[in-house]
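> task: produce atomic coordinates for the following.
(4 chains)
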Number of protein chains: 2
Amino acid sequence: MQWMKKYTIKDIAELAGVSKGTVDRVIHKRGKVSEAALKKVENILKDIDYQPNLIARSLKNNKNILLCILMPDPKIDPYWKPCIEGIDEASHEFSPFGVTIRYVYFNPFNKDSFVTQSQLALDPSFDGVLLAPLFQKESITFIEACEKQEKPYFLFNNDLKDADSQNFIGQDLFQSGRIGAKLIHSTLKDNAEVAIIHIDEIFKNATHMQEKERGFRSYFNELENGHFNIRAYKLKHRNANNLKKTIKYFIDTHPEINGFFVTNSKINLLAALLNKNRERTCVVGYDLLPENLHFLKTGVIDYLIHQNPRQQAYLGVTFLSDYLLFNKVIPNKNLIPIDIVNSENFMGYIKR
Amino acid sequence: MQWMKKYTIKDIAELAGVSKGTVDRVIHKRGKVSEAALKKVENILKDIDYQPNLIARSLKNNKNILLCILMPDPKIDPYWKPCIEGIDEASHEFSPFGVTIRYVYFNPFNKDSFVTQSQLALDPSFDGVLLAPLFQKESITFIEACEKQEKPYFLFNNDLKDADSQNFIGQDLFQSGRIGAKLIHSTLKDNAEVAIIHIDEIFKNATHMQEKERGFRSYFNELENGHFNIRAYKLKHRNANNLKKTIKYFIDTHPEINGFFVTNSKINLLAALLNKNRERTCVVGYDLLPENLHFLKTGVIDYLIHQNPRQQAYLGVTFLSDYLLFNKVIPNKNLIPIDIVNSENFMGYIKR
DNA sequence: CAAAATAGTGTGCTCGAACACACTTTTTTA
DNA sequence: TAAAAAAGTGTGTTCGAGCACACTATTTTG
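You can find the predicted model right below:
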């Protein structure tokens, strides 16, 4: 990359023998420019590959941007706590550029809560929305409303299946399931009794766990040798203490299972009840919650797949800000890597 | 975070009943301000927690920043290719802010080449240097020269041991070795014959491989049960074809080894010669070179540890730019996560 | 005590883009 | 053909910080 002179509008005006006003009208296609002047200026713009000074532009615009974060209340589901960190970090970075964040929480267990709260997010004072679209149908309604208002939005955590889902940042959940399978396979080798376990998945968007299960099964289906029994189980809670009992009962009545793939962050509930004298088990689950890390360190959990909610949320905010402040183009589908975490490398992923 | 009015210097001047010139002198501690005015302005600054508008500031300063990248020639060692991508991406992001990149390559096999090339990097036209300090002693000499010139610098890839090594971005190599050990352990279980293999490490900074070996051994030393034989080997080349023969001979004469830990990206050389009918082997190495990925996909290599040279270089450039453009404070030691890569999740880490 | 040096203060221009507005020239309309 | 409308062009101000410079008030010096 060679040294490049930075051309300003004034430079271009001189080169073209017109005034900066005319150059400005050409750049912004505001019309009121004669054929001759238009061509002269356009040629020069092309020749020098004019790049406007973004600093000057954003000083002039001097936008004050208000972003809405529409996400589950982390007090209700701690999975979302790292998102706050990521968002706050991005907010800290962009606040000198006039970006302000406002959180709008909803209850991830309650569709109605999402519907009412998403109404708040449509307030015209918000210049953009970052959204965790847990509820498929309601979220589509919401982003349609955004599009009607021409309000930029960005999805994170999970994509919307049918919608032409632009502006998504997250992971490939099918592949995520395959990774879980690979880990269990390489740990248990030749044959095993494997359980896919969906814990307490009444509220999370169903696609989430379905995709992971599909990926998981696809891996084992492709295997040429080895003998594996794959079965899926749904362990749901009805009231607070009930879930523990359900899991305990499940474990006790299935002594043959030695591979456990838990499709969400609730793996600590299973780990807490797993008897350590099961031989050659392999336990794989999701997310670096403190409880999960505890069982990772003590060796009950073998691997955690890192969905990196912090990074997802962080990138969501930076993308929206860069777009609104500097008109940067943002990649449409933004898949972040799926990190494999064990007891030795988890340190790199927490409290970055 | 609540809505905050953005105060300007003019606002403060009005509040304090002075002119913006006086406020400016207070902020920049340029003196020539009376006691009374000083206190009034300082109090107001404290009260409102004044944050200068960085956009306006950098427009005024209108710095054009030239960064020097002092690194090995990627044509000589392809390990460095991803760095170029990362740097170019960062460069692309910051070029609208007046940042220009110039590469200064040296031959990683040749100390003298580093010494001569590092002289170029000291040219006063460079506003900052990003450096891969392969050669310990020479690099220390270099950064001392930088400090004398008050030229900001940043290290990536590996740290300098003795120097008070500020401004480093990279990985914890000791921990990296432990991760390799953990992967081999969880794949091979109870007992194994394990080899630590340093291929062609005449040039790379010796600390690199030493730290990894130390970490690797420390993991197995801490194990309570299991029976593992750990031995380290150095396979060096003398002339081009010779290395292949050396490796082949090593493999053939050590049929008992089933755990291979190669401490650098040259693992493909070993993988290419490994007979597939060795049973229950586990092969772990470094870096996502195309050759390495090939053997990962075909199942010869079990895991690759991702040193993320791309990300390291990318962050190096962004840190330097943010520092020089916006005076942002940069974390001193910046350890990036150590990614575990297998045949299912490598896609997320390439061509981001 | 006048001249000179210094302390203290305010004004006004700059950075580059964006846009309002005034102005001139050409075209359209009655 | 005069008046009105539209097309085309340039000037000047704004955004906020930073700094040169001019200016007044006070202190120091010969």
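
> which parts of the stretch 201-350 of chain A are helices?
Ranges of helices in the stretch 201-350 of chain A, per DSSP state H, counting those that start in this stretch, are A:206-222, A:242-253, A:267-273, A:290-297, A:309-326.

> deepest of the ones you listed, which one?
Sort those by mean neighbour count, taking mean count of other C-beta atoms under 10 Å in any protein chain shown, and helix A:309-326 sits at the top with a mean of 23. Just so you know, the C-beta spots here come from the backbone N, C-alpha and C atoms, and that holds for glycine as well.

> next, format the helices of the stretch 201-350 of chain A as JSON lines and append distance to chain B.
Listed next are those as JSON lines, based on distance: least, C-beta to the nearest C-beta, whole Å:
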{"stretch": "helix A:206-222", "distance to chain B": "7"}
{"stretch": "helix A:242-253", "distance to chain B": "22"}
{"stretch": "helix A:267-273", "distance to chain B": "17"}
{"stretch": "helix A:290-297", "distance to chain B": "11"}
{"stretch": "helix A:309-326", "distance to chain B": "8"}
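
> save those helices as a markdown table, and put in distance to DNA strand C and mean pLDDT too.
Shown next, in a markdown table, are the helices of the stretch 201-350 of chain A (distance: least, C-beta to the nearest atom of the strand, whole Å; pLDDT from 0 to 100):
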| stretch | distance to DNA strand C | mean pLDDT |
| --- | --- | --- |
| helix A:206-222 | 41 | 90 |
| helix A:242-253 | 56 | 89 |
| helix A:267-273 | 50 | 94 |
| helix A:290-297 | 47 | 96 |
| helix A:309-326 | 10 | 91 |
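
> now for these, which one comes closest to A:A181?
helix A:206-222 (3.5 Å; C-beta to C-beta).

> for A:G86, find the nearest of the helices of the stretch 201-350 of chain A.
Going by C-beta to C-beta, the one of the helices of the stretch 201-350 of chain A nearest A:G86 is helix A:309-326, 3.5 Å.

> the closest one and DNA strand D in contact?
No - taking C-beta under 7 Å from any atom of the strand as the criterion, helix A:309-326 and DNA strand D are apart, separated by no less than 14.2 Å.

> distance between that helix and the chain's centre?
Counting by C-alpha atoms, centre = their mean, to the nearest Å, helix A:309-326 is centred 10 Å from the centre of its parent chain.

> that older thread, can you redo the helices of the stretch 201-350 of chain A as TSV with distance to A:L122?
Listed next are the helices of the stretch 201-350 of chain A as TSV, based on distance: least, C-beta to C-beta, whole Å:
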stretch	distance to A:L122
helix A:206-222	24
helix A:242-253	36
helix A:267-273	36
helix A:290-297	35
helix A:309-326	16
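
> quick one, domains of chain A?
Domain segmentation of chain A under automatic domain parsing yields A:9-52, A:62-171+A:310-337, A:173-306.

> format the ones you listed as a markdown table; extra columns: distance to B:K266.
A markdown table is the format used below for the domains of chain A (distance: least, C-beta to C-beta, whole Å):
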| stretch | distance to B:K266 |
| --- | --- |
| domain A:9-52 | 41 |
| domain A:62-171+A:310-337 | 24 |
| domain A:173-306 | 23 |
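
> looking at the ones you listed, which is nearest to B:Q117?
Of all the domains of chain A, domain A:9-52 comes closest under C-beta to C-beta, at 30.4 Å.

> A:V329: how many residues sit nearby?
By other C-beta atoms under 10 Å in any protein chain shown, the residues close to A:V329 number 8.

> the nearest residue to it once chain neighbours are set aside: what's it in contact with?
Nearest non-adjacent residue to A:V329, counting by C-beta to C-beta, 6 or more residues apart in numbering or on different chains: A:Y323, 7.8 Å away. A:Y323 makes contacts with A:128, A:152, A:329-330, as judged by C-beta atoms under 8 Å, 6 or more residues apart in numbering or on different chains.

> may I ask which of these has the most neighbours?
Result: A:G128 is most packed of the contacts of A:Y323 (other C-beta under 10 Å), 22 neighbours.

> and the contacts of stretch A:41-60?
Counting by C-beta under 8 Å, 6+ apart, A:6-9, A:12, A:15-16, A:18, A:22-23, A:26-27, A:33, A:97, A:325-326, B:53, B:55-56, B:58-59, B:95-97 sit against stretch A:41-60.

> how about a cut-off of 6 Å?
Among residues not part of stretch A:41-60, those counted as contacts by C-beta atoms under 6 Å, 6 or more residues apart in numbering or on different chains are A:7, A:12, A:15-16, A:23, A:26, A:325-326, B:55-56, B:58-59, B:96.

> just the buried residues of those.
A:7, A:12, A:15-16, A:23, A:26, A:325-326, B:55-56, B:58-59, B:96 (16 or more other C-beta atoms under 10 Å in any protein chain shown).

> run through chain A and note the low-pLDDT ranges.
A:1-4, A:162-166, A:201-206, A:239-241, A:276-277, A:352 (pLDDT under 70).

> and it, which residues reach DNA strand D?
Residues of chain A lying near DNA strand D by C-beta under 7 Å from any atom of the strand: A:18-22, A:25, A:31-37, A:59-60, A:62.

> got a ChimeraX select line for the buried ones in these?
Buried members of the residues of chain A next to DNA strand D, defined by 16+ other C-beta under 10 Å, are picked up in ChimeraX with:
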select /A:18,22,25,33,37,59
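
> what segments of the stretch 51-200 of chain A are strands?
Per DSSP state E, counting those that start in this stretch, the stretch 51-200 of chain A carries strands over the ranges A:65-72, A:99-106, A:128-131, A:153-156, A:168-170, A:191-199.

> to B:A90, which of these lies closest?
It is, among these and with distance given as C-beta to C-beta, strand A:168-170, at 19.5 Å.

> okay, now A:E93: neighbour count?
By other C-beta under 10 Å, neighbour count at A:E93 equals 17.

> how about stretch A:24-32, does it reach DNA strand C?
Yes - contact of stretch A:24-32 with DNA strand C (C-beta under 7 Å from any atom of the strand) involves A:24, A:27-28.

> from the residues you listed, which land in helices?
A:24, A:27 (DSSP state H).

> can you redo the residues of stretch A:24-32 next to DNA strand C as JSON lines with neighbour count?
Shown next, in JSON lines, are these (neighbours: other C-beta atoms under 10 Å in any protein chain shown):
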{"residue": "A:D24", "neighbour count": "15"}
{"residue": "A:I27", "neighbour count": "15"}
{"residue": "A:H28", "neighbour count": "8"}
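
> which of the residues of stretch A:24-32 next to DNA strand C lies closest to B:G177?
A:I27 (55.3 Å).

> what residues does the stretch 51-200 of chain A put near chain B?
For the stretch 51-200 of chain A, the residues in contact with chain B (C-beta under 6 Å from any C-beta of the partner chain) are A:51, A:54-56, A:58-59, A:96, A:101, A:178-179, A:182, A:186-187.

> okay if I get these as TSV plus distance to B:Q171?
Listed next are those as TSV, based on distance: C-beta to C-beta, whole Å:
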residue	distance to B:Q171
A:Q51	35
A:L54	33
A:I55	34
A:A56	39
A:S58	35
A:L59	39
A:P96	30
A:I101	31
A:R178	26
A:I179	22
A:K182	23
A:S186	23
A:T187	25
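
> what is the nearest of the residues you listed to B:Q210?
Checking these against B:Q210 with C-beta to C-beta, the nearest one is A:S186 at 28.8 Å.

> now do the residue nearest to that closest one when sequence neighbours are not counted: how many residues are near it, please.
Excluding its sequence neighbours, the residue lying closest to A:S186 (C-beta to C-beta, 6+ apart) is B:T187, at 6.0 Å. Neighbour count of B:T187, defined by other C-beta under 10 Å: 20.
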